[in-house]
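Undergrad: sharing a sequence plus its predicted fold:
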Amino acid sequence: MSSLQTERLKSLDVFRGMTVAFMILVNTPGSWSHLFSPLAHADWHGYTPTDLVFPFFLVAVGLSMSFSFKKYSTQPAKEFYIKVFKRTILIFLIGMGMRAFPFTNVDWEGFRILGVLQRIALAYFFASIIIRNITSIRSLLISSGIILFGYWALLLLFSTGNDPYGLETNAVLRFDLWLLGGSHLWQGKGIPFDPEGFLSTLPSVASVIAGYLFGKLIQTKKQIDLVAALFLIGNLLVISGYAWDLVFPINKSLWTSSFVLVTSGLGAVLMAFLIYIIDIKNKDKWIEPFLVFGKNTLFIYVLSILWVKTYFQFQIGDQNTYSWLYSNVFQHIGSDKFGSFLFALAHVAGCWIVGYFMDKKKIYIKI
């Protein structure tokens, strides 16, 4: 591997690391009732910085695929599909296992089947199949366009009311209710509706393909030309997404096509910035914490969830450990919101310490 590719893999690790660090930060506030607005999801249409985290993660999956799939290109199709299928099943099952942890008194009748890792698994699977069989960049762009416009058509054709993008009238809800039943969907919006639903996973495949295409660009362009290309493409995608927003609202819960364009474009702009700072300007003294997260991304994310769920298994007085730590430690340090933020930041730091020692021991867990 050339030194240039090594540097760009470093930029990719930083991109991944920033994504998972922020994902942990927004997933573990001391109290969900006390959040700074940028750390909360948009209620429905629109987006906040927090809503960028998951699509950036999927873009990072595609970026990684652009490097890792090179060694699979000469393998027989059967071997490739077996590897992809095994990885998909494993990530999906890890996601379900995280939901069931600590595996006592699991309410299987009301068990939520879908989730973040489940969507990553499915988006990875379908993107892998498409990329294996459609090799030209032009054809991949056409495929992504078909996915995004096809998804828009599905929402228009199969809604149950006058507003195809409403919470209770969208086709995503209709499909997931038919496929899984309301008891197996997320209940966080007051009705059974899953923001990681099966139908809305379709456009997330385009998020992965976008990352893959950015990765191919990263491997072929040189330095300043690459930065300019990523910056230009990113801005064109953002502008296109905002134009589409006029008729197909940007919405993370529905993972609308306009949301895919805007978030993929912002991901490209961030990647351009990282390559410019790290590769061209050689200003990389600040990246070490993010490299730690980026080298064991999936493991650290899973650890962050299981760590938090463990808090709820132990009581201190009449409170579980999670609530006790927030109310008796972090809430006393600052205001309700600042204490909630510090709680999340401490959790990020704890996960980083684990990742740091893994890195020092050269322990890298890949699937």
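TA: Happy to help now that I have it.

Undergrad: ranking helices and strands of the chain by mean pLDDT, which lands last?
TA: Here the helix or strand of the chain ranked lowest by mean pLDDT, DSSP states H and E is helix 3-27, holding a mean of 80.

Undergrad: which neighbouring elements make contact with that one?
TA: helix 53-68, helix 201-220, helix 257-275, helix 288-295, helix 297-311, helix 336-360 (3 or more CB pairs under 8 Å, 6 or more residues apart in numbering; DSSP states H and E). Glycine gets a C-beta too; all of them are placed from N, C-alpha and C.

Undergrad: what's the closest of those to His34?
TA: With distances scored as CB to CB, the stretch of the helices and strands packed on helix 3-27 nearest to His34 is helix 336-360 (4.0 Å).

Undergrad: helix 257-275 and the least confident helix or strand of the chain, what's the angle between them?
TA: With axes from the mean of the first three to the mean of the last three CA atoms, to 10 degrees as the basis, helix 3-27 and helix 257-275 are set at 130 degrees to each other.

Undergrad: buried residues in helix 3-27?
TA: By neighbour count on 16 or more other CB atoms under 10 Å, the buried set for helix 3-27 is 7-27.

Undergrad: report the rounded mean pLDDT for stretch 125-144.
TA: For stretch 125-144, mean pLDDT is 94.

Undergrad: what about it, how long is it end to end?
TA: 15 Å (CA to CA, to the nearest Å).

Undergrad: what does stretch 329-344 give?
TA: Terminal residues of stretch 329-344 are spaced 13 Å apart (CA to CA).

Undergrad: and the contacts of that stretch?
TA: Applying CB atoms under 8 Å, 6 or more residues apart in numbering, the contact partners of stretch 329-344 are 24-31, 33-36, 39, 325-326, 346.

Undergrad: what is the nearest of those to His184?
TA: Ranked by distance to His184 (CB to CB), these are led by Asn27 at 21.3 Å.

Undergrad: reformat the helices and strands packed on helix 3-27 as CSV; add mean pLDDT and distance to Arg112.
TA: Formatted as CSV, these follow (pLDDT from 0 to 100; distance: least, CB to CB, whole Å):
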stretch, mean pLDDT, distance to Arg112
helix 53-68, 93, 16
helix 201-220, 94, 15
helix 257-275, 96, 22
helix 288-295, 91, 26
helix 297-311, 94, 13
helix 336-360, 94, 22
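
Undergrad: including distance to Ala153 and mean neighbour count, could these go into a markdown table?
TA: Putting the helices and strands packed on helix 3-27 into a markdown table (distance: least, CB to CB, whole Å; neighbours: other CB atoms under 10 Å) gives the following:
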| stretch | distance to Ala153 | mean neighbour count |
| --- | --- | --- |
| helix 53-68 | 21 | 24 |
| helix 201-220 | 11 | 24 |
| helix 257-275 | 10 | 25 |
| helix 288-295 | 37 | 20 |
| helix 297-311 | 34 | 18 |
| helix 336-360 | 39 | 17 |
